[in-house]
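> Got a sequence here, can you build the structure:
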Amino acid sequence: MTLTQAALGQMSLMRQALVVLAATMFIAVAAQISVPFYPVPLTLQTLAILLVGFALGARLGAIAVLAYLAEGAMGLPVFANFNNGAAFAGPTAGFLVGFVALAWIAGKAADMGVRGIVGTTLAAALATAVIYIPGLAWPLAVANATGISAGWAGADLATTLGWFATPFLLGDAVKAVLAALIVTGGWKVLSKR
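Residues are numbered from 1 along each chain as shown. A predicted model of the protein is given here:
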């Protein structure tokens, strides 16, 4: 059982659609809270996606992120710094794709009954680590292979890690702990109802 199921009970298809829409808006707002880095900004997007995954479960969490990505692809300014579908050709494209796995892994942990602070933190850290696979693959090789020519595309591994990973590791660890604290706090509140 997820937090959403515990709070709202059995959800109709309409209620699920509304919850997914609310989740996309939550992620879009969190994406705008950013600290500029080059070439990828530090945002609260990953924290929001972790929370969506833990709250909705693997299936609905992944659907919510796919809907969010579709909103951006349709031209809505939902990505960091009010960016839209153009981001799929920019430096953050790999991370955008990885966000689906981020929500799914966090949601899978919730579906499996992970509720404690340690287990939730570990699940959040694992889910966050997974987004670095497409996040780093994109600037290292995929962008060039698709014909994108930019200063951040095709750089060597050390430069790519310096731009796309190293500056974000501490923040991602903090966001994993914050997500775990929020989720376990949510369970405590619901258990008192």
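> what residue ranges in this structure score low on pLDDT?
By pLDDT under 70, the chain has no low-scoring segment.
> Go through it and flag its longest helix.
When the chain is parsed with DSSP state H, its longest helix is helix 45-73.
> how big is the angle separating the helix or strand just after that one from helix 45-73?
Under the assignment DSSP states H and E, the closest C-terminal helix or strand after helix 45-73 is helix 93-111. Angle, helix 93-111 to helix 45-73, by axes from the mean of the first three to the mean of the last three CA atoms, to 10 degrees: 120 degrees.
> packing partners for helix 93-111?
Contact here means 3 or more CB pairs under 8 Å, 6 or more residues apart in numbering; DSSP states H and E; on that basis helix 93-111 packs against helix 45-73, helix 117-130, helix 132-137. From N, CA and C alone the C-beta is placed, and that goes for glycine too.
> deepest of those helices, which one?
Burial of the helices and strands packed on helix 93-111 is given as mean neighbour count (mean count of other CB atoms under 10 Å); helix 45-73 ranks first at a mean of 24.
> pretty sure A176 contacts A125?
Yes - applying CB atoms under 8 Å, one finds A176 in contact with A125, separated by 4.5 Å.
> Check the secondary structure at V114 for me.
coil (DSSP: H, G, I helix; E, B strand; the rest coil).
> what about it, distance to L169?
Distance, V114 to L169, by CB to CB, to the nearest Å: 23 Å.
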